[in-house]
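A.B. asks: No sequence on hand, only this structure:
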């Protein structure tokens, strides 16, 4: 077992909690000598543990403290980080100097869309606080799950990770916004691993959230299912490659909408790309009238929930495709300003070390009119039921995903389990090929996160009902 790791910082919590903090930060942004200025100050404490096989691989308690200054001068940014309030005034001057230097050389000018300033305090409203659970009790709980995986006959190893992170975040800008926020983020993921005749397969389960540690209790059924999946997957035949009708479960459909369509909808992927502006032209039809895709920060308790983004913009539900037609995209103030549109509350940063960029929150396919899973399957002569996600990649409009587990569909019924089901295609063709959307919307939060521009893992979530897609190319033997 590794020793507990504690990250020390230059500035004490007493300084962070000073009664004069608001006056200090708001005063500095107002006299920054810039067209726009903002300061973000962050104090985070994280507990994490992980198991690998029978070993308790890591237990850590870390404290991260710091902030950044971001200023805009003549359309160009200056961005500087700091770790002590004592150096903050100098960092503000440095950021402004950097922005002025960039403005003398750059022809690319940023414009911020206007917003109404807000002044607010956001406190945690927890159903069960992870900070009230001792590290010993956490090790016992998650260690019990790990032991349960390893006791399953046929399982050869395991991997398990848990974390909880509390953040106190202060934000102010020269428009008049002041926010004092508390954030909690928690995640748990477990893998059962089975190996037979040189073949390795996994079964996985995950859970996450922002307000309730109790979601991590009583997961024995989920753990048993993950272990069974590993053992059954390793003995399943490889799917026969071909073109099929595919039913995706809510988790895989949510991964698809996040990775394949959500990233394309982020404003910085569109604002500077004339081709994507044409492809993603508002008003263009992308699917049937029952296809609705949206991104929201309003779902309390999910890892994608936020009251404000990292530019102080209130979050909202942003419709992307409504009744089959493209109606929106995900913006920061900068990308909204470039495109003459409204900010959507999607500017996010993984920590103070990075500037905010357009990122997703909870990205979803809405419920449809086609009943339940059984209703989507009943007319399929030969197809594939694909569940969960075992990874994938996207390249612009093209995507490839591997299902965590899968079953053949024969004559309207679920049949034998198959493995190595890889789904690939063009996202826009795939959206047009959705022929059924059930009404069983579900979100499964996990322990992972979204990666972009070196910022990972950002807390996000995704949800969907079961969906049916025709003419899907599946790789196999």
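C.D. replies: Received, thanks. Not measured: the values here are computed from a predicted model.

A.B. asks: what stretches of this structure score poorly on pLDDT?
C.D. replies: Scanning the chain for pLDDT under 70 picks out 1-19.

A.B. asks: how does it divide into domains?
C.D. replies: 13-234, 242-475 (automatic domain parsing).

A.B. asks: Tell me how far residue 27 lies from residue 115.
C.D. replies: Counting by C-beta to C-beta, to the nearest Å, the gap from residue 27 to residue 115 is 21 Å. C-beta coordinates here come from the backbone N, C-alpha and C atoms, glycine included.

A.B. asks: which of these two has more neighbours?
C.D. replies: residue 115 (18 against 13; other C-beta atoms under 10 Å).

A.B. asks: Let me know the secondary structure of that one.
C.D. replies: coil (DSSP: H, G, I helix; E, B strand; the rest coil).

A.B. asks: quick one: secondary structure of residue 301?
C.D. replies: coil.

A.B. asks: ok, it touching residue 212?
C.D. replies: Yes. Between residue 301 and residue 212 a contact is recorded at 6.5 Å, counting by C-beta atoms under 8 Å.

A.B. asks: anything in contact with each of these two?
C.D. replies: The contact sets of residue 301 and residue 212 overlap at residue 127 (C-beta atoms under 8 Å, 6 or more residues apart in numbering).

A.B. asks: if you compare the domains of the chain, which one is most tucked away?
C.D. replies: When these are scored by mean count of other C-beta atoms under 10 Å, the highest mean neighbour count falls to domain 242-475 (a mean of 20).

A.B. asks: who does whichever strand or helix holds residue 147 touch, helix- and strand-wise?
C.D. replies: Residue 147 belongs to helix 135-151 when assigned by DSSP states H and E. If contacts are counted by 3 or more C-beta pairs under 8 Å, 6 or more residues apart in numbering; DSSP states H and E, helix 135-151 sits against strand 36-52, strand 55-73, strand 157-173, strand 178-196, helix 220-234.

A.B. asks: Now do it: everything it contacts.
C.D. replies: 47, 49, 51, 53-54, 56, 59, 61, 130, 155, 157-158, 160, 162, 188, 190, 192, 216-217, 219-220, 223-224, 226-227.

A.B. asks: which residues of the chain fall in helices?
C.D. replies: 13-16, 21-30, 88-105, 135-151, 220-234, 250-256, 274-279, 333-339, 373-377, 427-432 (DSSP state H).

A.B. asks: Quick one: closest of those to residue 454.
C.D. replies: Closest of the helices of the chain to residue 454 is helix 333-339, at 17.9 Å (criterion: C-beta to C-beta).

A.B. asks: Export the helices and strands packed on helix 135-151 as JSON lines, with columns for distance to residue 148.
C.D. replies: Output for the helices and strands packed on helix 135-151, formatted as JSON lines (distance: least, C-beta to C-beta, whole Å):
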{"stretch": "strand 36-52", "distance to residue 148": "12"}
{"stretch": "strand 55-73", "distance to residue 148": "15"}
{"stretch": "strand 157-173", "distance to residue 148": "9"}
{"stretch": "strand 178-196", "distance to residue 148": "9"}
{"stretch": "helix 220-234", "distance to residue 148": "5"}
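
A.B. asks: So which residues of the stretch 201-350 of the chain form strands?
C.D. replies: 242-248, 293-296, 317-322, 325-326, 347-348 (DSSP state E, counting those that start in this stretch).

A.B. asks: Export those strands as JSON lines, with columns for distance to residue 367.
C.D. replies: What follows is the strands of the stretch 201-350 of the chain, written out as JSON lines (distance: least, C-beta to C-beta, whole Å):
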{"stretch": "strand 242-248", "distance to residue 367": "15"}
{"stretch": "strand 293-296", "distance to residue 367": "11"}
{"stretch": "strand 317-322", "distance to residue 367": "14"}
{"stretch": "strand 325-326", "distance to residue 367": "18"}
{"stretch": "strand 347-348", "distance to residue 367": "26"}
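
A.B. asks: of those, which approaches residue 104 most closely?
C.D. replies: Within the strands of the stretch 201-350 of the chain, the stretch nearest residue 104 is strand 347-348; the backing value is 26.5 Å (C-beta to C-beta).
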